[in-house]
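> sequence first, predicted model second:
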Amino acid sequence: MRTVRAPAVDDILKEFGSDRTRLMDIVIAVQHRLGHVSGESVRALAIGLGIHPVEVEDMVSFYSFFDRDLHGRFRIRLSKTAISLIKGARAVASAFEDALGIAMGGTTPDGEFTLEWTSDIGMADQEPAALVNGVVLTALAPADVPHIVAALRQSDRDGALPSYPPHRVLGAALPNANVRPGLVKAGPLLSDLPERGAVIKAALAMTPEALIEQITSSKLRGRGGAGFPTGMKWRLTRRSKGDEHYVVCNADEGEPGTFKDRVLLSEYPDLVFDGMTVAGFALGSGQGLVYLRGEYAYLWDHLQEVLESRRKSGWLGKSIGGRDGFDFDIRIQLGAGAYICGEESSLLESLEGKRGAPRDRPPFPTERGYLGQPTAIDNVETFACAARIVEKGSAWFADQGTKLSTGTKLMSVAGDCTDPGVYEVPLGITVNELLDLVGGADAEFVQIGGPSGQSVAPKDFGRRIAYEDLSTGGSTMVFGRRRDVLEIALQFAEFFVDESCGWCAPCRIGTTQLKLAMEKVVAGRATRADIAGMEALSHTVMRMSRCGLGQMAPNPILSTMNNFPELYEARLREETFVPTVTLDQALREAVEVQGREPVAAAI
Amino acid sequence: MTDKTISFTIDGIRVEAASGQSVIEACDAAGVYIPRLCHHPELPPSGNCRVCTCTINGRQSAACVTPATHGMVIENNTPRLTTDRRTLIEMLFVEGVHPCPYCVASGDCELQALGYRLGMTAPTESYLWPRRKLDATHPDIYLDHDRCILCSRCIRASRMEDGKSVFGFEGRGIAMRLNIDAEGGLGETQMAAIDKAARVCPVACIVIKRDSYRVPNGERRYDKSPIGADIEAKRLEPKP
C-alpha cells in the first residue's frame, strides 16, 4: 500500500510557486505522483495555497482524470463512443474484464489495474482505442488484450507509478501504442508548407494593425464550429485595455468524432505555433497558452520539443525574428478530462485552476478573459489558417470556399466508411461529395458536428458543409444501414449526461431526463405522450441552458425525430400511458431487503 | 440616489435603471417581478437556476447576470417563458426529494411558492430519488441534502458575507453536490446559526434546529401572498 506524504505535496507546490492559478498543474502532479488526491493532500494543498479545502475539492472533484480515492496503478480507460461501439469496443471491454477478472469500473484486488469507460479520446479513425496512464492504444481487438495486460505487468516492476505525461518509453513497451497519422487528403492549407520562420518574417513586414486587417479581409471564421470572425476577435482584443493580453489556443478537442486538432498538433505543430506567435504580434501579447486536452497528454514531449527548438532558433521567446521588443512565449496547459472545457469560458476557468464551469457573458474574453485580461481564444485549426494567411495573403485564402465561408476545412471522418481520417476540403462541399471521398456511399445517416451537431439523413446529403448551412467543427460520423439510429441517439444523450458541468439546472437535470426518456423509447415502452413530452423538454433545455452544451444537447434527439420519425413510430406503444418505472423495478428494493421474490398471485 | 440614466421596456412597461444594475435589480426596484430562485438581492448573482431567463432583445438571457443597458426590449411574462420556468421548477422537484406536505419549510419555501405561482400541479418528469446523507453534526443547524437545489446561495453568502467558505460544490453534472469544508460534517466548521449562509437557503436544506415551527403552517410568508407579490406591490403603490 502506498501512503501519501505531505512533503511530496509541498515539493509540488514549490515547483509551481504555490500559485493558485496553476492548480491544474499542481493537482495533475499530485494525482500522478501519489496516485490520487487524498484528503491529506487536499488539506496540504489548501494550506500551501492559502485557500479552503472545500475550494480545492470543488476543483478536484470536477475532472474525470482526478481521483479522490486510490485506484489501480494502471488506469485502463476504454473509449465509449458511437464509433467505438460499432467498431467492437464492447468485445474489447469483455476481453479486458476476462483478462483482469474485474468488471468495468472495478479495480483488481492487488491494486494494479482499474478498468473503466471514458468519453471520446480523439481516436475515432482508429477505434476501439484506450488510454493507459495517458498512453494511447489504438485499433484494439480482443486478441490484443492478454498481450497488453502481460506487458503492463512486466513494466515498472518496482511498483512505481508510471510518469505523466507519459514518456515514449512506456508507450514503446506496449502493444498497439501507436497512433497512426490521420491525414488522408491535404488541400492548400496543408500543402507546400512554409519554412520555419517564413510566417513570422511575413508578419514582421507588416504593422500589427495591417496584420489584423489581412486576417479580417480573408474572412477567416473560427474553426471550432461557432464561426466567429477571427479578424474581429483579434481587433476587439487588441483594442481592450489590460495589463497583459493573452493568446489562447483551444486544443481541448472534445467533440466526439473529431480528431483534426490531434493531426495538426502531431503533424503540423509549427503551423499552429506560427499562428499563435503572429497573433501575439498582432495583439501586443507576450504570453500564449495552449489548453491541451488531457486525452492528448501523449503529445506533451513532442510539443515541448518543438517549442524548445523554436526558442533555440529565435522564433519564440525574446526578440523574435530579431525584432527588439517582440517577446512572446507559449506554455502548454494540460486538461484533465472534461468536455465542457472546450467551451471558451469554461476553458478560461480551468486555465485559472478552477472547475470548468462556463462564465456568463458579457464580459466577453476579448475584454476580460484569462486572469481578467483581454484574451483571444481560437481553435487550433484557426491558428493554422491564420499562419497561412499571413504567409500567402488574404486573397489566396478567400479564393477558396464560399462567399460566407472562405477557405478550406479539416473534416474528421470516421465510422462506416472505407477511409476514415482527416480530409482538407473546400468549405461549401456537399455531404454527398464528402461521402464519395471517404468511401461512405452506403450511409444511412451522417452526424455532422458531433453529438451537439445535426443528424443528416440521405434526403439532405445535398446540403453543404459551411457556416451558412451545416456549421461544424469538423466531426463527421458516418453510420451505415445496419446501425440502430435510436441507440446512437441514446449514446449521444448519455454523453451529455456525463459531460454536463452541473452548474445550471436545465442542463444538469434536463440531460438526465432526456436520457431517461430516450431509454424508454429504445426499450419500446414509450407512448405518443412520452414523445411529445421529450420534444417539449428538449426545447426547454435548449432555451434555458446557460451555455452551448445544454443548448445543443437535445440536438440528436430532435434531429433524429425530424429525420427518422418512422423509427420512433415503430417502437411506440399504443396505450395512452406506460409507467416509466415497472412494477419489478418498484419492488426491487423490497425484494433485496426481504431476500425473496413476491408471490405471483399476490400481485 | 444614483442617476437613472438607462431605460428599457419589459413586457411593454418602461423601467429606469442605474448604470451597473442588472436587469433583475432594476426590475425589482421598479416593481416588475421576474421569477427567480438562485438569485438573492444581497448576494452577487451566479446564474445557477436559470428561472429568471427572459427574452432580451430576442435572445434568451438570465436577468440576474445580464447588465441593464439602454433600450433593451425584454419579454418576461409570456406563456412560453412561464412554461419553461415551470418545467425548470418541476426538474428541481424530481432531482431532489421535496415532500411539501410534511416539509419544515412548507409555506416559506421558494421552490414550492414558485411551483404554485407558475401553475405546477405534479411533476411530469422522472423522479431521480437521490440518496444523500443528512448532516446533523452541528448543534444548531442541520443539513438535509435531499432538499438541496444547488442554488449556491449558501456558498456565496458564506464566502462573501460571512468570510468563512463553509460551503462549496463537489462533483459535476447530475452528481454535483453541496460540499462542506470539513470531512466530519458541518459541526466541524466555523458555521454559526446567525451566519448569513444559514438564512438564505430557499428550501429546507439548511435548517435551524428547534426553530422550525415558530410560525405555524398556514401563517407563513407564501401562505399569505404569492411569491413576488412584495415586489409587484411597489409598482401598484401610488408614487409619493
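Cool, got the structure.
> pLDDT wise, what is the one residue sitting closest to the centre of chain B at?
Centroid check for chain B by Cα atoms, centre = their mean gives residue B:37 as the closest residue, at 2.4 Å. Here the pLDDT value assigned to residue B:37 is 98.
> same thing with residue A:164?
You'll see residue A:164 listed with a pLDDT of 75.
> now the phi/psi pair for the residue nearest to the centre of chain B, please.
Residue B:37 adopts backbone torsions of phi -130, psi -50, taken as degrees, to the nearest 10.
> that one and residue B:202 touch, don't they?
Yes. Between residue B:37 and residue B:202 there is a contact under Cβ atoms under 8 Å: 6.0 Å. Bear in mind the C-beta positions are built from the backbone N, C-alpha and C, glycine included.
> give the contact list for the residue nearest to the centre of chain B.
By Cβ atoms under 8 Å, 6 or more residues apart in numbering or on different chains, the contact list for residue B:37 reads B:49, B:51-52, B:89, B:92, B:110-111, B:114, B:149, B:151, B:202.
> let's see the pLDDT reported for the residue nearest to residue A:43 when sequence neighbours are not counted.
Excluding the flanking residues, the one nearest residue A:43 by Cβ to Cβ, 6 or more residues apart in numbering or on different chains is residue A:53, at 5.6 Å. Looking at residue A:53, its pLDDT is 96.
> count the residues that sit near residue A:53.
Close neighbours of residue A:53, defined as other Cβ atoms under 10 Å in any protein chain shown, add up to 22.
> doesn't residue B:180 make contact with it?
No. Using Cβ under 8 Å, residue A:53 is not in contact with residue B:180, being 9.7 Å away.
> which regions of the stretch 1-150 of chain A sit below the pLDDT cut-off?
By pLDDT under 70, the low-scoring segments of the stretch 1-150 of chain A are A:1-6.
> what sits closest to residue 187 if chain neighbours are left out?
Using chain A here. Spatial nearest neighbour of residue A:187, excluding adjacent residues (Cβ to Cβ, 6+ apart): residue A:424 at 3.5 Å.
> that's the other chain; I wanted chain B
In space, and not counting its chain neighbours, residue B:187 is closest to residue B:137: 3.3 Å by Cβ to Cβ, 6+ apart.
> okay, the one you found and residue A:68: tell me how far apart.
From residue B:137 across to residue A:68, the span is 20 Å (Cβ to Cβ, to the nearest Å).
> next one: residue B:52
34 Å.
> so these two - more neighbours on which side?
Taking other Cβ under 10 Å, residue B:52 and residue A:68 do not tie; residue B:52 has more neighbours (26 against 16).
> so that one touches residue B:61, yeah?
No. If you go by Cβ under 8 Å, residue B:52 and residue B:61 don't touch, sitting 9.2 Å apart.
> returning to what we had before: which SS state does the closest residue to the residue nearest to the centre of chain B other than its chain neighbours fall under?
The spatial neighbour of residue B:37 that comes closest, neighbours along the chain excluded (Cβ to Cβ, 6+ apart), is residue B:49 at 4.1 Å. Using DSSP: H, G, I helix; E, B strand; the rest coil, the structure places residue B:49 in coil.
> which residues touch residue B:49?
Going by Cβ under 8 Å, 6+ apart, residue B:49 touches A:504-505, B:36-39, B:88, B:92, B:149, B:151.
> can I get these in a markdown table with secondary structure and distance to residue B:216?
Converted to a markdown table, those look like this (DSSP: H, G, I helix; E, B strand; the rest coil; distance: Cβ to Cβ, whole Å):
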| residue | secondary structure | distance to residue B:216 |
| --- | --- | --- |
| A:504 | coil | 36 |
| A:505 | helix | 31 |
| B:36 | coil | 27 |
| B:37 | coil | 25 |
| B:38 | coil | 28 |
| B:39 | coil | 29 |
| B:88 | helix | 30 |
| B:92 | helix | 26 |
| B:149 | coil | 25 |
| B:151 | coil | 26 |
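> surely residue A:212 is in a strand?
No. The assignment for residue A:212 (three-state DSSP) gives helix, which keeps it out of a strand.
> list of residues touching the least confident helix or strand in chain B by mean pLDDT?
Using mean pLDDT, DSSP states H and E, helix B:229-236 stands out as the lowest-scoring helix or strand of chain B, at a mean of 91. The contact list for helix B:229-236 (Cβ under 8 Å, 6+ apart) reads B:13, B:28-33.
> can you check stretch B:57-75 too?
Outside stretch B:57-75, the residues touching it (Cβ under 8 Å, 6+ apart) are A:360, A:362, A:543-544, A:546, B:5-11, B:15, B:17, B:19-27, B:34, B:36, B:38-39, B:45-47, B:50, B:52-56, B:76, B:81.
> how about 7 Å then?
With contacts defined as Cβ atoms under 7 Å, 6 or more residues apart in numbering or on different chains, stretch B:57-75 is touched by A:360, A:362, A:543-544, B:6-11, B:17, B:21-24, B:26-27, B:34, B:36, B:39, B:45, B:47, B:50, B:52-56, B:81.
> pull out the buried members of these.
A:360, A:543-544, B:6, B:8, B:10, B:17, B:21-24, B:26-27, B:34, B:36, B:39, B:45, B:47, B:50, B:52-56, B:81 (16 or more other Cβ atoms under 10 Å in any protein chain shown).
> direction included, what does the lengthiest strand in chain A pair against?
If you go by DSSP state E, chain A has its longest strand at strand A:408-415. Using DSSP bridges, the strands paired with strand A:408-415 are strand A:421-426 (antiparallel), strand A:475-480 (parallel).
> and among the ones you listed, the most buried is which?
With neighbours defined by mean count of other Cβ atoms under 10 Å in any protein chain shown, none of those is more surrounded on average than strand A:475-480, at a mean of 26.
> pLDDT (mean, whole number) over that one?
Across strand A:475-480, the average pLDDT comes to 97.
> which other residues reach the helix or strand just after that strand?
Following strand A:475-480 in sequence order, the next helix or strand is helix A:485-499 (DSSP states H and E). The contact list for helix A:485-499 (Cβ under 7 Å, 6+ apart) reads A:82, A:85, A:119, A:256, A:339-340, A:445, A:451, A:479, A:511-512, A:514-515, A:518-519, A:521-522, A:549, A:553, A:556-557, A:560, A:564, A:567, A:571, B:173-174.
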